[in-house]
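Colleague: okay, sequence plus prediction incoming.
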There are 2 protein chains.
Amino acid sequence: MSIVVVGTVAFDTVEAPWGKAERVIGGSATYFSLAASHFTPVKLVAVVGADFLAEHRTILEDRGVDLEGLVVESGGKTFFWQGRYGEDPNERETLCTELNVFERFRPELPASYCSSRWLFLGNIDPDIQMNVLDQVAGRPFVGCDTMNFWIERKPESLARLLRRIDILFVNDGEARQLSGRKNLVLAARDILEMGPRALVIKKGEHGAFLFTKDFRFFAPAYPLHEVLDPTGAGDSFAGGFMGYLAGAASFDERHLRRAMIYGTITASFACESFSVERLRALTDEHVAGRFAELVDLVKIELDDLK
Amino acid sequence: MSIVVVGTVAFDTVEAPWGKAERVIGGSATYFSLAASHFTPVKLVAVVGADFLAEHRTILEDRGVDLEGLVVESGGKTFFWQGRYGEDPNERETLCTELNVFERFRPELPASYCSSRWLFLGNIDPDIQMNVLDQVAGRPFVGCDTMNFWIERKPESLARLLRRIDILFVNDGEARQLSGRKNLVLAARDILEMGPRALVIKKGEHGAFLFTKDFRFFAPAYPLHEVLDPTGAGDSFAGGFMGYLAGAASFDERHLRRAMIYGTITASFACESFSVERLRALTDEHVAGRFAELVDLVKIELDDLK
């Protein structure tokens, strides 16, 4: 089944001690779509400006992403973000954020999107996330991302939203902030009480946890030789995860466990290039290869071995 | 098969925001022995002073640890360490170290220890580790711990030792320091070139990696609700790991993978109390319960699921 994603399509300038990429395509909806496109058709909802050219559009179209929901504001400029990584790729400093056309964006889903059974709400204002959710008919499966900014500034809106979603994606710092708990096991228990049926806590190079009321699962990060640019890794994780579930049309335990591995894989590829270069070049064989490697990485043979 | 461990038996005073333990039993050989004793007979080599009483001896004897190699210097005091943990249990400050009788300790293995096929060299001077290794007949399986202090101060001695051991246990910071590599995958590759057949890189709450030239394995840390005192967790990891291998009398891939899980389990119990209280109370059923939980935590069903 297809999945609708709402989020940002952006231009990023990324600096690191080992290189720089200027005004390259980025944004949560971009990374999510490219990752998810390996598993299921994707329908994108976002806004761009006049500086978003045919060559940028092609990046998404080449992966079959439906762009009917991509609004072009011909009088404006596309969302722009500039950041810098330190020697440790976990240290990121935002140098500049220009909302541009995104500032007044109020997404309206094309009619062809409104019957979707799968929806991903990228990290934007929770009131806008709720508005998008209200536009989808029936009761879709909903994944949602958020961040410290919204946890601090819009706690009531976020609380309302959490009661209506199936799965929340946060990193370890956000989980601690949202729950007020330092211990992640206790944080997860409290967040699940807030509404979502499942919770993913991402720990970057240290892997990711999945918690539900019935079971918990851990996926180690794929052991990379080199991290070139972690920008978009979280959105790529969500894309691989939600795309796999939507493609399988299932939210059961077996599929959720495998979704963690697919999310881990698409996130790992996102880190291996600036912008979306590595994700664009990804093949099903690459994905299958890393799946086998990750399964082997934690494999224990359960036989009659003492 | 039994395993010989050489290391420290100590008294520790541990402070944390949530409690304090004064002059409780600790030391690398203590934690290692109690953890390993669940899998195989343990023969301990260490030195203590006149302040090491029958009640302390009982802690080890109750778990069947052979104390023929425990030297009592009746004119001296036992090694003493005092440390303080911050709100984050990963932050540890050493307040005081008194080597006492350990300062001039040159271990001599009892004759009954010298034919052991399994040996663990706790974190002490690499020249002393080498001297112990030379006392064991033939070619035993050797596990070895070390730390930043020896990596800096005795690099040549450590390099000689690494060529004669089977498995090295270090944490992520030590792996980076020893290899001069920031990336753990590359650090592991370089350290394996230094001699050991296998390398365990421990990442505390973030789990542990096992690297060999043939395969790699990752074990997530057991998700604890509460960490009371991580002192001795690394030695407990090595104890569960080496004790299991010695008990199985095997160094093959299947056993090495399971050893990672047993090490993870004994380390997790070590964190749940001050000193060795939780390790002392450990039963085979507790170990088996966590083994099942950890296997389930990473379980992926490999069937015909799309």
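Modeller: The structure has been received and is ready for your questions.
Colleague: at the geometric centre of chain A, which residue sits there?
Modeller: Centroid-nearest residue in chain A, with CA atoms, centre = their mean: A:Asp235, separated by 2.3 Å.
Colleague: is any part of the helix or strand that contains that one close to chain B?
Modeller: Applying DSSP states H and E as the criterion places A:Asp235 in helix A:233-248. Yes. Helix A:233-248 comes into contact with chain B (CB under 8 Å from any CB of the partner chain), by way of A:Gly247, A:Ala248. To be clear about C-beta, it is placed using only N, CA and C from the backbone, and glycine gets the same treatment.
Colleague: can you check stretch A:208-215 too?
Modeller: Yes. Judged by CB under 8 Å from any CB, stretch A:208-215 comes into contact with chain B at A:Phe209, A:Phe215.
Colleague: report the buried residues of that stretch.
Modeller: A:Ala208, A:Phe209, A:Leu210, A:Phe211, A:Thr212 (16 or more other CB atoms under 10 Å in any protein chain shown).
Colleague: for the stretch 51-200 of chain A, what spans make up the helices?
Modeller: A:54-61, A:126-135, A:148-153, A:155-162, A:172-179, A:184-193 (DSSP state H, counting those that start in this stretch).
Colleague: for chain B, find the nearest of those helices.
Modeller: helix A:184-193 (4.9 Å; CB to the nearest CB).
Colleague: which ones are touching the residue nearest to A:Gly240 when sequence neighbours are not counted?
Modeller: Sequence neighbours aside, A:Thr266 is the residue nearest to A:Gly240 in space, at 3.2 Å (criterion: CB to CB, 6 or more residues apart in numbering or on different chains). Contact partners of A:Thr266, counting by CB atoms under 8 Å, 6 or more residues apart in numbering or on different chains, are A:Ala35, A:His38, A:Ser236, A:Phe237, A:Gly239, A:Gly240, A:Leu279, A:Leu282, A:Val287.
Colleague: again, only using 10 Å
Modeller: Applying CB atoms under 10 Å, 6 or more residues apart in numbering or on different chains to A:Thr266 gives the contacts A:31-32, A:34-39, A:232-233, A:235-241, A:243-244, A:278-279, A:282, A:287, A:290.
Colleague: what angle separates the helix or strand containing it from helix A:233-248?
Modeller: Per DSSP H and E, A:Thr266 falls inside helix A:253-270. With axes from the mean of the first three to the mean of the last three CA atoms, to 10 degrees defining the directions, helix A:253-270 sits at 140 degrees from helix A:233-248.
Colleague: which is the succeeding secondary structure element to helix A:253-270?
Modeller: helix A:277-280.
Colleague: and that following helix, does that touch chain B?
Modeller: No. Using CB under 10 Å from any CB of the partner chain, helix A:277-280 stays clear of chain B, coming no nearer than 17.2 Å.
Colleague: would you check which pair of the buried residues of stretch A:208-215 lies furthest apart?
Modeller: The span of the buried residues of stretch A:208-215, defined through CB to CB, is set by A:Ala208 and A:Thr212 at 13.9 Å.
Colleague: okay, the helices of the stretch 51-200 of chain A in a markdown table with mean neighbour count, mean pLDDT and distance to chain B next?
Modeller: Output for the helices of the stretch 51-200 of chain A, formatted as a markdown table (neighbours: other CB atoms under 10 Å in any protein chain shown; pLDDT from 0 to 100; distance: least, CB to the nearest CB, whole Å):
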| stretch | mean neighbour count | mean pLDDT | distance to chain B |
| --- | --- | --- | --- |
| helix A:54-61 | 14 | 98 | 25 |
| helix A:126-135 | 18 | 98 | 28 |
| helix A:148-153 | 14 | 96 | 18 |
| helix A:155-162 | 16 | 98 | 22 |
| helix A:172-179 | 19 | 97 | 10 |
| helix A:184-193 | 18 | 98 | 5 |
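Colleague: want to throw those helices into CSV with distance to B:Arg257?
Modeller: Formatted as CSV, those follow (distance: least, CB to CB, whole Å):
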stretch, distance to B:Arg257
helix A:54-61, 41
helix A:126-135, 42
helix A:148-153, 38
helix A:155-162, 38
helix A:172-179, 27
helix A:184-193, 25
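Colleague: fine, thanks again, bye for now.
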